[in-house]
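Engineer: sequence first, then the predicted structure, then my questions.
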Protein chains: 2
Amino acid sequence: MKTALRITRAQNFADWYQEVIKEADLAEHSGVRGCMVIKPWGWAIWEHIQARLDAMIKATGHRNCYFPIFIPIELLAKEASHVEGFAKEMAVVTHHRLVQRGGALVPDAPLESPLVVRPTSETIIGEAMARWVRSYRDLPLKLNQWGNVVRWEQRPRLFLRTSEFLWQEGHTAHASEVEAMEETLTMLGVYRRLVEDDMRIPVISGEKTPGERFPGAVATHAIEAMMQDGKALQAGTSHFLGTNFAAAAGIRFQDRDGTEKLAYTTSWGVSTRLVGALIMTHADDDGLRLPPRVAPTHVVIVPILRDEASRHLVLDAADKLSAQLRSGTAGGEALRVELDLRDDAPATKRWGWIKKGVPIVVELGPRDIRDRTIVFTRRDAIAEKRSLPLVDFVANAGREVEAFGETLWHQATEYRAAQTLGGIGDYVALAKHFRPEGAGGFVIGKWSGDPNIDVKLAELGVTVRCLLHEQPKTEGRCLVTGKPATLDAVYAKAY
Amino acid sequence: MKTALRITRAQNFADWYQEVIKEADLAEHSGVRGCMVIKPWGWAIWEHIQARLDAMIKATGHRNCYFPIFIPIELLAKEASHVEGFAKEMAVVTHHRLVQRGGALVPDAPLESPLVVRPTSETIIGEAMARWVRSYRDLPLKLNQWGNVVRWEQRPRLFLRTSEFLWQEGHTAHASEVEAMEETLTMLGVYRRLVEDDMRIPVISGEKTPGERFPGAVATHAIEAMMQDGKALQAGTSHFLGTNFAAAAGIRFQDRDGTEKLAYTTSWGVSTRLVGALIMTHADDDGLRLPPRVAPTHVVIVPILRDEASRHLVLDAADKLSAQLRSGTAGGEALRVELDLRDDAPATKRWGWIKKGVPIVVELGPRDIRDRTIVFTRRDAIAEKRSLPLVDFVANAGREVEAFGETLWHQATEYRAAQTLGGIGDYVALAKHFRPEGAGGFVIGKWSGDPNIDVKLAELGVTVRCLLHEQPKTEGRCLVTGKPATLDAVYAKAY
């Protein structure tokens, strides 16, 4: 069967991914190594993700604020394992001027001490928290920041791995360990709701193994999604930092009992990477498919303007239909409707919107107006153009959009179920499963915690994605070492 | 009379400004030279400004997108006058790694060619436009970006002049000169509506003189506000770039007539500087006063919890009052209501909210509940605690908030009118007016366009703020040179 994209998932998943992005006009590589340009359609998706998440972050008692993009090296150096983890991939600002010299612009005015462009903001926010927190009355301090960060990438991939990316980073300080641990899991729960309910991407939540922890964290929790090539993608992380960063930055408070204590801190973030996860979960060989809650547009109306005589009639009807649809809802939100008046052939426009992933595309011509009929395509069944009486279409459009969202969810959960293996008993079987090129999926099995596990798994290109939060609490043998083990982990290849 | 702030405007305007920011908890200087931390209350104001402006930018047909924070030096160098204007104050990234050496972290892995942190994005967006624009069908291309930019500042001032600041920058390309000029003025009009209608700051709009143009622009238009020390503050600019940047970047298109032409481009921006303008226009000696449309909170309820017996009663009533108020509106928006449950004395909390600029503060105690009365303070008349029957207060709260906004507008326009002089005839009188330290205000008078005007005005610390868009079209003599002149300009000291 002919597909709208030139490359299918089966042919080459990585090239197909690029093709979806190109044909949906989401983003492109810029002339700056590793940095991307996020184009209007890609950015509009990110804005919807942001709006959803921002409301949840505020509803859980956090306040937005903004900290400097530059971090002094001395600050960064305070938390040893943190700098170890990040120092290798940062943009370093060394000068604050350019001058013309010998016909070229060259750096001038060296800084006394270089600055790095933030790879993450624990250190600079920790410094402020140390100034702001005096007493238990100042706690909890629950902050969030939306912004850009930079981690130098040698092999960039649009949305998945770029030198600059956009994200939110939450940073909180608490008087007790228990409260900080609760916060860590609360925010992972918020991410889970965002990714599952709004983006329709099923995830597994769990704790990272020591080797996969955020540099400087006591515990890192994550949600892991499965892409359509069977690889895992970490969709959000939440870190319990204990008193590590508080000790480095000096976040101390006088407790109710009059003694001075170190605060417990957390941090958590999701990024533009989520757009990559959305693509690799929901797009198909005809292009993107957008979960309704983060779709910039739910219904596009393509008018069929054959001649001047009917032009006015069609545009009038299209305007009226837009207005009627906009007063409808999908998932409690007003339907977002766009009328495509560009100077192009209707079929070209229809295929354009299909590749952009819009849930419903309507084509409206003189005959449809005469018959009081709407001809439309739903993005999960584009082979079939459907037809409904106008009144029924208007009454049902919201439900059609919601049903499309349900389809995305079911297809994603079914795919994941089919690609999740539970019965593998030992390393030989694990290796047999993962060794073939392109072999993927999740293997759920025991993990003994032996530090050599990661090294051995590296031979297969596999990592432990997380230790399940929902543990079956059975006894067995570690899939890698064969040692007795009680904890269950997700083993997978990953982005 | 005692004031809530330790420093008044009359005592020291610059120190008063710092004090307003400190007491309202808006922002502070960070440990990174020239960079500020925008604290939650300051950020919430900026979020409201953003939301208002973003909706207007979208309503005028622009789409948001995102371009890299780094700009290659080669790109920057393409537009000669542009680089001349910006090269002196940029953050330059020269390395992409740090390593431990001799116990210290030092830059490693030098870049082949240094990158600058964007001071503005004409060059990098122009490069993308050159790739995206092929035909007249691709025009107009109307983009906007929200983000951070960096221009190195030796003498930073919170919100007004910081090395990193937040802004939006619009960038558009058009097929015709007329259309691009219209766009330039349309967006200045959008800024005027934002600043006047939403922020209640009166402005004068006009064109900048050649010496004050954006580097590389053909024409720069601006809106100028007057601060309470009589100084001007440029609140927004919109640039008609002609084909200068299009020629540098190669933004060419095939027109309807088949010939290849250069596009005309525009750019326009407003920044977190607007928060500084808001403070210096509306704050008084008791702290901030917030225009309702950008106020994070319209009404704060401070419960008076004297004893355990009445505690439950008061909190119940406060909850109920919050809900009732929230179903009301001010200026078409739902009232934003906050219940202040912090563990502090009611008077301390009330003064805290007064200094933060909230339009209405309610104090609610057992007696008020018994009497079905509301005692409140409106921020433009804090000396007087007012009292209204509960039902009347609930019915009128929205109108009180709106009336407060009107007061801000009237006070600002009256101040500006009182500080605007029209009758000054020559340079001697101009010098006499502006020479005394602290002398300010706007002088409106003729301007001949002589290039020496700026030099002469510099003696007085005065600049030509703009040439009025609304010209009286009379003849007279230039205030500085005495030469015949027809154009009227605003002369003022400025931020």
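Structural biologist: Perfect, thanks for sending it. Numbering: from 1, shown residues only, chains lettered A, B, ... in the order given.

Engineer: who's in contact with the closest residue to chain B within the stretch 201-350 of chain A?
Structural biologist: Nearest residue of the stretch 201-350 of chain A to chain B: A:Asp343, at 6.2 Å (CB to the nearest CB). For every residue, glycine as well, the C-beta is placed using N, CA and C. For A:Asp343, the contact set (CB atoms under 8 Å, 6 or more residues apart in numbering or on different chains) comprises B:Arg137.

Engineer: now do the SS call for it.
Structural biologist: Secondary structure, DSSP: H, G, I helix; E, B strand; the rest coil: A:Asp343 is coil.

Engineer: cool, and the one 5 residues further on?
Structural biologist: At A:Thr348 the chain is in helix, as set by three-state DSSP.

Engineer: gap between the residue lying closest to A:Pro156 once chain neighbours are set aside and A:Ala91?
Structural biologist: Leaving out its chain neighbours, the residue that sits closest to A:Pro156 by CB to CB, 6 or more residues apart in numbering or on different chains is A:Gly34, at 4.2 Å. Distance, A:Gly34 to A:Ala91, by CB to CB, to the nearest Å: 10 Å.

Engineer: neighbour count: those two, which is higher?
Structural biologist: Per other CB atoms under 10 Å in any protein chain shown, whichever of A:Gly34 and A:Ala91 has more neighbours is A:Ala91, with 29 against 23.

Engineer: the residue of chain A most remote from its centre: what's it in contact with?
Structural biologist: Distance to the chain centre peaks in chain A at A:Ala309, reaching 48.0 Å (criterion: CA atoms, centre = their mean). Under the criterion of CB under 8 Å, 6+ apart, A:Ala309 has no contact partners.

Engineer: that one in helix, strand or coil?
Structural biologist: At A:Ala309, secondary structure determined by three-state DSSP is helix.

Engineer: using CSV, list the CA coordinates for stretch A:390-401.
Structural biologist: C-alpha atoms of stretch A:390-401 as CSV (Å, rounded to 0.1, in the frame of the first residue of the first chain):
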residue,chain,number,x,y,z
LEU,A,390,-23.9,18.2,8.6
VAL,A,391,-25.9,18.3,11.8
ASP,A,392,-24.6,14.9,12.9
PHE,A,393,-21.0,15.9,12.1
VAL,A,394,-21.3,19.1,14.1
ALA,A,395,-22.9,17.2,17.0
ASN,A,396,-20.3,14.4,17.0
ALA,A,397,-17.0,16.2,16.0
GLY,A,398,-15.8,16.4,19.6
ARG,A,399,-16.5,12.8,20.2
GLU,A,400,-14.7,11.8,17.0
VAL,A,401,-11.7,13.7,18.2
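
Engineer: what mean pLDDT does it get?
Structural biologist: Stretch A:390-401 shows a mean pLDDT of 98.

Engineer: show me what counts as buried in it.
Structural biologist: A:Leu390, A:Phe393, A:Val394, A:Ala397, A:Gly398, A:Glu400, A:Val401 (16 or more other CB atoms under 10 Å in any protein chain shown).

Engineer: before we move on, the earlier item: who's in contact with the residue nearest to A:Pro156?
Structural biologist: A:Trp152, A:Glu153, A:Gln154, A:Pro156, A:Thr162, A:Ser163, A:Glu164.

Engineer: would you mind measuring from the fifth one to chain B?
Structural biologist: For A:Thr162, the distance to chain B under the criterion CB to the nearest CB, to the nearest Å works out to 9 Å.

Engineer: for that residue, the count of nearby residues, please.
Structural biologist: The burial count for A:Thr162: 25, using other CB under 10 Å.

Engineer: so it makes contact with A:Pro156?
Structural biologist: Yes: contact criterion CB atoms under 8 Å: A:Thr162 and A:Pro156 qualify, at 5.1 Å.

Engineer: shared neighbours, the two?
Structural biologist: By CB under 8 Å, 6+ apart, the residues touching both A:Thr162 and A:Pro156 are A:Gly34, A:Cys35, A:Met36.

Engineer: element containing the nearest residue to the second one once chain neighbours are set aside?
Structural biologist: To tie it back to what came earlier, the one meant is A:Cys35. The shortest distance from A:Cys35 to any non-neighbouring residue, by CB to CB, 6+ apart, is to B:Pro68 (3.5 Å). Assigned by DSSP states H and E, B:Pro68 belongs to neither a helix nor a strand.

Engineer: count of residues packed around B:Pro68?
Structural biologist: Neighbours of B:Pro68 (other CB under 10 Å): 27.

Engineer: shaky segments in the stretch 251-400 of chain A?
Structural biologist: Low-confidence segments of the stretch 251-400 of chain A, defined by pLDDT under 70, are absent.

Engineer: what segments of it are strands?
Structural biologist: With strands called from DSSP state E, counting those that start in this stretch, the stretch 251-400 of chain A shows them at A:252-254, A:260-262, A:264-271, A:299-303, A:329-330, A:333-334, A:337-339, A:360-364, A:373-378, A:386-389.

Engineer: unless I'm mixing things up, A:Glu23 is touching A:Trp16, no?
Structural biologist: No: in this structure A:Glu23 lies outside contact range of A:Trp16 using CB under 8 Å: 10.3 Å.

Engineer: more crowded one of the two?
Structural biologist: A:Trp16 (24 against 21).

Engineer: and the more buried one, how far is that from A:Gly441?
Structural biologist: A:Trp16 is 18 Å from A:Gly441, by CB to CB.

Engineer: do A:Trp152 as well
Structural biologist: Taking CB to CB, one finds A:Trp152 at 32 Å from A:Gly441.

Engineer: could you flag which of the contacts of A:Gly34 are buried?
Structural biologist: A:Trp152, A:Glu153, A:Pro156, A:Thr162, A:Ser163, A:Glu164.

Engineer: for the fifth one, which non-adjacent residue is closest in space?
Structural biologist: Put plainly, it is A:Ser163. Nearest to A:Ser163 is A:Gly34, by CB to CB, 6+ apart, at 3.1 Å.

Engineer: what helix or strand is that neighbour located in?
Structural biologist: Going by DSSP H and E, A:Gly34 is not part of any helix or strand.

Engineer: my guess is A:Gly170 contacts A:Leu143. True?
Structural biologist: Yes: checked against CB under 8 Å, the pair A:Gly170 and A:Leu143 is within contact range at 6.9 Å.

Engineer: so what sits against both of these two?
Structural biologist: Residues within reach of A:Gly170 and of A:Leu143 at once, by CB under 8 Å, 6+ apart, are A:His62.

Engineer: is it true that A:Thr272 touches A:Glu164?
Structural biologist: No: with contact defined as CB under 8 Å, A:Thr272 does not reach A:Glu164; the gap is 9.5 Å.

Engineer: show the pLDDT at A:Gly423.
Structural biologist: Confidence at A:Gly423, expressed as pLDDT, is 86.

Engineer: likewise for A:Ala87?
Structural biologist: Value listed for A:Ala87 in the pLDDT field: 69.
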